[in-house]
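S.K.: Below: sequence and its predicted model.
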Amino acid sequence: MVMEQGLSSQSHLILTGLGALLISAAISSVAGIYLGSAREVLALIPGLMVLLPSIIHIRGSIAGVFASRLSSAMHLGEFSIDFEEGSVLGDNIRASFVITILIAFVIGVFSYAASRIFGYPVIGVTDLVLISVVTGIVAGTVVMGITLLVALASYRYGLDLDMIGAPAVTTTGDLVTLPILVLSATLIVHLSPGFRLVLGGLAVVVAVATVLYTWRRSEGLGSIVRENLYLLILLSVLGTLAGLTYSFNLEELVTVAAFLILIPPFTGGLGSIGGILGSRLSTGMHTGELNPSILPERGVVHHFIISYLYTLILLPLLALIAHGAAVLMGLNSPGLGILVAISLVAGLVVMTLVNGVAYVTASLSFRYGLDPDNFGIPVVTSLIDLIGAAALVAVIGLLL
């Protein structure tokens, strides 16, 4: 009887995660369709494609860490609906907003520098940083609000936030950030140079103010910001390299628009799966159900298998949606069979690497007294940005 209840509980968790992923896939595909329709903007504003992967998926990483930390607090009985400074919820909200501003500033600088270093055409540094900061603040506020609603609903109705948090926030990050990025970029490049310079100076002032605000708080909010910010700055490099990978192949992606439509749901879907894995590993180590051993134990392998199962179900569906959308919009597609094969092969390669990285990240952070909630989702989603781009472009080259 106990075994049956355990199997029933596991099945319920798996189905909950699958349901969240399917909803996530449908919504992420909308973002992909929008990206396909905005291909002219990407081609006309140099450097925007370099910025795109980082600015989109860092939103999901920040909100994912927020959701993961709240989920662990719920499992440990430390969560309460309290927005005051010093509370779990209040400190995490403020820390996430501070990180959003600072990391958006950094991503803009990194994207400009990487474009110049690798000889890719790019607009001015002030313009690119301003686009990044405006997009980060607006999209970050919306995504954080939605993440908070999901967390409070999970707490109210007894749902496992580990299984729905990552899909919800990564999908929201794709869907919200992409149109805000395109709109911000279009508006900013049409402003007068003097006005753009003033707004750029204001962005610097805002970034400095957030640093000073954090500097005065050594505990609680301050420790959350420092532990997350250093990691996210390093991981922003991966997102920037992913953007360069797409940019160097932008002509082919724009020509065969089905590939462009596939990018957001492909990376977003794998990010959601990796986010679920990272969040479950983190919670398991916090509660003592999993041990940070050198070799993954049976419980960890069980989570790996579920990740592969989700991948095999999700990616053909994403390819089908991308192909159908391209046909309906009158855009080019390599064909459904080829698109499914590209999506599956690239996705399975990425997920194999993600399984290993997610476990090593959770184990090492926990072993050295750090909070794996702060590391799992950012590392996994940023890694997916880079290796997802590389795998997708490489498999496209092999199969076409």
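M.R.: Right, received. Where do you want to start?
S.K.: Now the element after the host helix or strand of Ser279, going C-ward?
M.R.: Using DSSP states H and E, Ser279 maps to helix 257-287. Note on helix 257-287: by DSSP H and E, the next helix or strand toward the C-terminus is helix 298-328.
S.K.: List the buried residues in the next helix or strand after that next one.
M.R.: The helix or strand immediately downstream of helix 298-328 is helix 336-367, counting by DSSP H and E. For helix 336-367, burial by neighbour count (16 or more other Cβ atoms under 10 Å) applies to 336, 338-347, 349-351, 353-355, 357-359, 361-363, 365-366. No exception for glycine: its C-beta is placed from N, CA and C like everyone else's.
S.K.: Helix 298-328 and helix 336-367, what's the angle between them?
M.R.: On the basis of axes from the mean of the first three to the mean of the last three Cα atoms, to 10 degrees, helix 336-367 is oriented at 150 degrees to helix 298-328.
S.K.: What average pLDDT does helix 336-367 get?
M.R.: Average pLDDT, helix 336-367: 88.
S.K.: name the helices or strands packed onto that helix?
M.R.: helix 257-287, helix 298-328, helix 376-399 (3 or more Cβ pairs under 8 Å, 6 or more residues apart in numbering; DSSP states H and E).
S.K.: try it again with 10 Å
M.R.: On a contact count with 3 or more Cβ pairs under 10 Å, 6 or more residues apart in numbering; DSSP states H and E, helix 336-367 meets helix 221-248, helix 257-287, helix 298-328, helix 376-399.
S.K.: Now tabulate the ones you listed in CSV and tack on mean pLDDT and distance to Ser87.
M.R.: Formatted as CSV, the helices and strands packed on helix 336-367 follow (pLDDT from 0 to 100; distance: least, Cβ to Cβ, whole Å):
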stretch, mean pLDDT, distance to Ser87
helix 221-248, 78, 10
helix 257-287, 81, 19
helix 298-328, 88, 30
helix 376-399, 78, 22
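S.K.: Just say which of these is most tucked in.
M.R.: Neighbour counts (mean count of other Cβ atoms under 10 Å) averaged over each of those peak at helix 257-287, with a mean of 28.
S.K.: Quick check: the gap between the nearest residue to Gly243 once chain neighbours are set aside and Thr311.
M.R.: Spatial nearest neighbour of Gly243, excluding adjacent residues (Cβ to Cβ, 6 or more residues apart in numbering): Val50 at 3.8 Å. With distances taken as Cβ to Cβ, to the nearest Å, Val50 is found 27 Å from Thr311.
S.K.: on that earlier part again, please identify which helix or strand holds the residue nearest to Gly243.
M.R.: Val50 belongs to helix 48-75, assigned by DSSP H and E.
S.K.: Now do that helix and helix 221-248, the angle between them.
M.R.: Using the same axes, to 10 degrees: helix 48-75 against helix 221-248 is 140 degrees.
S.K.: pLDDT averaged over helix 48-75 - what is it?
M.R.: Rounded mean pLDDT across helix 48-75 is 77.
S.K.: quick one: buried residues of whichever helix or strand comes after that helix?
M.R.: Once the chain leaves helix 48-75, the next helix or strand it forms, by DSSP H and E, is helix 88-117. Using 16+ other Cβ under 10 Å as the test for burial, helix 88-117 gives 88-108, 110-112, 114-115.
S.K.: And the helix or strand where Gly201 lies, what does it pack against?
M.R.: Element membership for Gly201, per DSSP H and E: helix 193-215. Applying 3+ Cβ pairs under 10 Å, 6+ apart, we find helix 193-215 packed against helix 88-117, helix 125-157, helix 161-189, helix 221-248.
S.K.: which residues does the nearest residue to Ser71 once chain neighbours are set aside contact?
M.R.: Computed as Cβ to Cβ, 6+ apart, the closest residue to Ser71 that is not its neighbour in sequence is Leu161, at 3.7 Å. For Leu161, the contact set (Cβ atoms under 10 Å, 6 or more residues apart in numbering) comprises 67-75, 79, 147, 150-155, 168, 279, 283.
S.K.: now with 8 Å?
M.R.: Neighbouring residues of Leu161 by Cβ atoms under 8 Å, 6 or more residues apart in numbering: 67, 70-71, 74, 150-151, 154-155, 279.
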